[in-house]
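> Turn this into a model:
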Amino acid sequence: MKSIRSRLIANILAITIIPVVAFLVYSLIFVSDDQIQSNLKENETKIAWASQHLKSHTGQLRDVMYALHLEDTLLAEIHNPAGLSTTTENVLRNTLYANSNIVSSITVIATASNRMVSIDYERGFTRRFLPDNHVYAPLQGTPVGIGYATLDKHLVAYHTINDFKTQQELGLIVLQLKPGFLQEFSDIFGADTDFMLFSSSGLITANRAPSVELVDAVFIHHSQRTSIEPMVHENHYIWSGRVPSQDVYIAAMVDAALITGLNNRMISIAGFIILLSLSITIPIAILLSNRITDPITQLVSHMKQFEFSHVQGDTKRYDELKLLEESYNQMIDAMSKMVRERYETKIAMQSAQLKALQAQINPHFLANTFQMISGMALHAEAPDIYDATLKMSQILRYSMKINKEAVTLHDEIEHIADYLSIQKLRFGEALHFTINVPETVQRIRLPKLTLQPIIENSFRHGFTKGRDTMGITIDHALGESLMIRITDDGSGISPDRLDDINNTLQKGTTRQTVLLEDDFPSIGLANLDARIKLLYGARYGIRLEAASTGGITTLLHLPKEALTNATTHR
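Sure, this is the predicted structure:
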């Protein structure tokens, strides 16, 4: 058993530490989770911003390429360098300067002749013939639209020039993008985020070379993407976005440690705070508990030495301890009085048992006398007298078995059969009774003298004025529980009166005012209900119902398990 001191120390520690731990747990669960969600939301905003930025630049590049596409003489002059005019150079130069924010050079290639013209800020306007395996060859033959690629470590945007009717490729426009194009995305995502541009055919470029596994994870996230929610791949969070109607996408990858880093730091801080709190609280708790419990420990030791004598200790320091002493002394006086009263009660009980034993002499004498009379009737060939006196003797002997509180239903049926047989001699053909309960059901145990008060009520209220006959039936119903039914065809009672009786029985009230009205069914019925509940529990007992014969059916509600147990232990 734990001492008061140890429990006091434990309570002080609990009162001190539990609020700290609860606050830290709350911080870890809610604050850190909010921080993680905030970081995820921030990156979702960044990928949406970057996607919009990529869409804006792609739209600008598309406008440039479509403007060049509409120059009808552009490809013809490239095919025929001898006839190349300054108009072509001016168109390219004006276009380059107009888009100087992202374009560093413009190249236009005539597919049929493999001739190209180019303009940039360093070399100006140039034209030349391209060999078969030129650097732009991988970009030719691609579908119509804006595409991105990396050529010679430079990010380019390209667009094929196709015949409007046949869609045959006539030429290729290539725009080399400035380094600032990617730097803008670095500024959006920040230094801790890796990002990449990719298309359905593969990786285009990235700010830092990603691993093959990470690239594969990006493509998986893109293929399964139904919302802006991130995908978690090993130790990375991955977001992706796209430019509508274009085969170009952007993905951002963030190390998971950067998202959950605050949570880990909070766990470390929480552990340190708990250890610090324990190191301060434990010594204080021990010191405080000793100051409180030392006088109590001394008092308990003193009380053990004196046992049932009064305690006379020095309790000047604490008024509470003085009160404890006085209470203990009062308890000693009360216990001494209780021992004396218990002894006197035991003597009185023994005296009452002796008187009860003496009181049994007269019933025993009567039972033996009835048995003697039955023998004389048998000798005198008077069977009715023999049968009546023998059954009366058996009824008396059954009633005198005071050492049995519970008997079997079989014993009760034998007893009530004797009782009904004597009543049959009195009423003759006006009384008929039927007992239809199988032997297996008769093994269940009941409080002694359960059936007799019910049968007596049937006689008391069944033979009313105007009725010359009465029938009594005892049978059973077995379902989720066992019901023993005692039915008479007497006068019955009103539904309201029946409800009052059942409600009173169900409440188990000790005040029997409802039951005693009109002398029906008497306090014996309530006592019998209480005895059944005491034997089997509050769910069981007695209930009255109106019988179809016009009388009353008394139901003894008993547990089905008790029947099983009686069969097992038979």
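
> only C-alpha atoms for contact and neighbour calcs from this point on.
Will do.

> helix, strand or coil for the residue nearest to D192 when sequence neighbours are not counted?
The shortest distance from D192 to any residue other than its chain neighbours is 7.0 Å, reached at V254 (CA to CA, 6 or more residues apart in numbering). Secondary structure assignment for V254 (DSSP: H, G, I helix; E, B strand; the rest coil): strand.

> tell me the mean pLDDT over the helix or strand containing A50?
Using DSSP states H and E, A50 sits in helix 32-69. Helix 32-69 comes out with an average pLDDT of 85.

> for stretch 181-194, same thing?
Averaged across stretch 181-194, the pLDDT comes to 88.

> Show me which residues of that stretch are buried.
Residues of stretch 181-194 classed as buried by neighbour count (16 or more other CA atoms under 10 Å): L182, F185, S186, I188, F189, T193, D194.

> returning to that earlier point: now for the next helix or strand after the helix holding A50, which elements pack on it?
Per DSSP H and E, the first helix or strand lying C-terminal to helix 32-69 is helix 74-79. Secondary-structure packing of helix 74-79 (3 or more CA pairs under 8 Å, 6 or more residues apart in numbering; DSSP states H and E): strand 103-110, strand 115-120.

> I286: which of the ones you listed is closest?
Closest approach to I286 among these (CA to CA): strand 103-110, 76.8 Å.

> elements contacting the helix holding A50?
Counting by 3+ CA pairs under 8 Å, 6+ apart, the packing neighbours recorded for helix 32-69 are strand 154-162, helix 180-189, strand 236-242, strand 249-255, helix 256-306.

> Of those, which shows the lowest average pLDDT?
Among these, helix 256-306 scores lowest, at a mean of 70.

> hang on, the earlier thing: with distance to R128 as added columns, please give the helices and strands packed on helix 32-69 in JSON lines.
Below are the helices and strands packed on helix 32-69 laid out as JSON lines (distance: least, CA to CA, whole Å):
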{"stretch": "strand 154-162", "distance to R128": "19"}
{"stretch": "helix 180-189", "distance to R128": "28"}
{"stretch": "strand 236-242", "distance to R128": "36"}
{"stretch": "strand 249-255", "distance to R128": "33"}
{"stretch": "helix 256-306", "distance to R128": "50"}
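
> circling back: show me which pair in the buried residues of stretch 181-194 is furthest apart.
Across these, no pair lies farther apart than L182 and T193, at 13.1 Å, counting by CA to CA.

> and M372, what pLDDT?
69.

> for E344, that is, sorry about that
The model reports E344 with a pLDDT of 69.

> Need the contact partners of stretch 411-424.
388, 391-392, 394-395, 398, 431-433, 448-452 (CA atoms under 8 Å, 6 or more residues apart in numbering).

> whoops, I mixed them up, stretch 277-291
Identification of contacts with stretch 277-291 by CA under 8 Å, 6+ apart yields R5, L8, I9, I12, L13, T16, I17.

> buried ones in stretch 281-291?
T281, I282, A285, I286, S289, N290.

> C-alpha coordinates for that stretch, CSV please?
What follows is stretch 281-291, C-alpha atoms only, in CSV (Å, rounded to 0.1, in the frame of the first residue of the first chain):
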residue,chain,number,x,y,z
THR,A,281,9.5,20.0,-9.0
ILE,A,282,10.7,16.7,-7.5
PRO,A,283,12.9,18.3,-4.7
ILE,A,284,10.2,20.8,-3.9
ALA,A,285,7.5,18.0,-3.8
ILE,A,286,9.7,15.9,-1.5
LEU,A,287,10.4,18.8,0.9
LEU,A,288,6.8,19.9,1.0
SER,A,289,5.4,16.4,1.5
ASN,A,290,7.9,15.7,4.4
ARG,A,291,6.8,18.9,6.2
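
> mind checking how far G180 is from L155?
11 Å (CA to CA, to the nearest Å).

> Between the two, point out the one with more neighbours.
Set G180 next to L155 and count neighbours by other CA atoms under 10 Å: L155 wins out with 18 against 12.

> does the more buried one have beta-bridge partners, and which?
Beta-bridge pairing of L155 under DSSP bridges involves T150.

> Please apply the same query to the one 4 residues further on.
With DSSP bridges as the criterion, H159 is bridged to I173.

> Can you give me the neighbour number for it?
So H159, with other CA under 10 Å, has 25 neighbours.

> for L151, same thing?
Number of residues near L151 (other CA under 10 Å) recorded here: 15.

> Three-state assignment for the closest residue in space to it that isn't next to it in sequence, please.
Distances taken as CA to CA, 6+ apart place V135 nearest to L151, at 7.3 Å, with adjacent residues excluded. The three-state label given to V135 by three-state DSSP is coil.

> same check, this time on the one 10 residues further on
When the structure is split into helix, strand and coil by three-state DSSP, G145 lands in coil.

> Correct me if wrong: it contacts A157.
No: using CA atoms under 8 Å, G145 is not in contact with A157, being 10.2 Å away.

> neighbour-wise, which of the two wins?
Between G145 and A157, counted using other CA under 10 Å, the more crowded position is A157 (22 against 14).

> State the distance from that one to T58.
Distance, A157 to T58, by CA to CA: 9 Å.

> got any residues that touch both of these two?
Listed as contacting both A157 and T58 by CA under 8 Å, 6+ apart are I146.

> Domain-wise, how is this protein divided?
Listed domain ranges for the chain are 6-178, 432-568 (source: automatic domain parsing).

> part of a strand, is N101?
No: the assignment for N101, made by three-state DSSP, is coil rather than a strand.

> how much space between it and D468?
N101 is 121 Å from D468, where distance means CA to CA.

> repeat for N503
Counting by CA to CA - N503 and D468 are separated by 32 Å.

> now swap in R485 and tell me
According to CA to CA, R485 stands 23 Å off from D468.

> neighbour-wise, which of the two wins?
Shown here are R485 and D468; by other CA under 10 Å, R485 has more neighbours (20 against 12).
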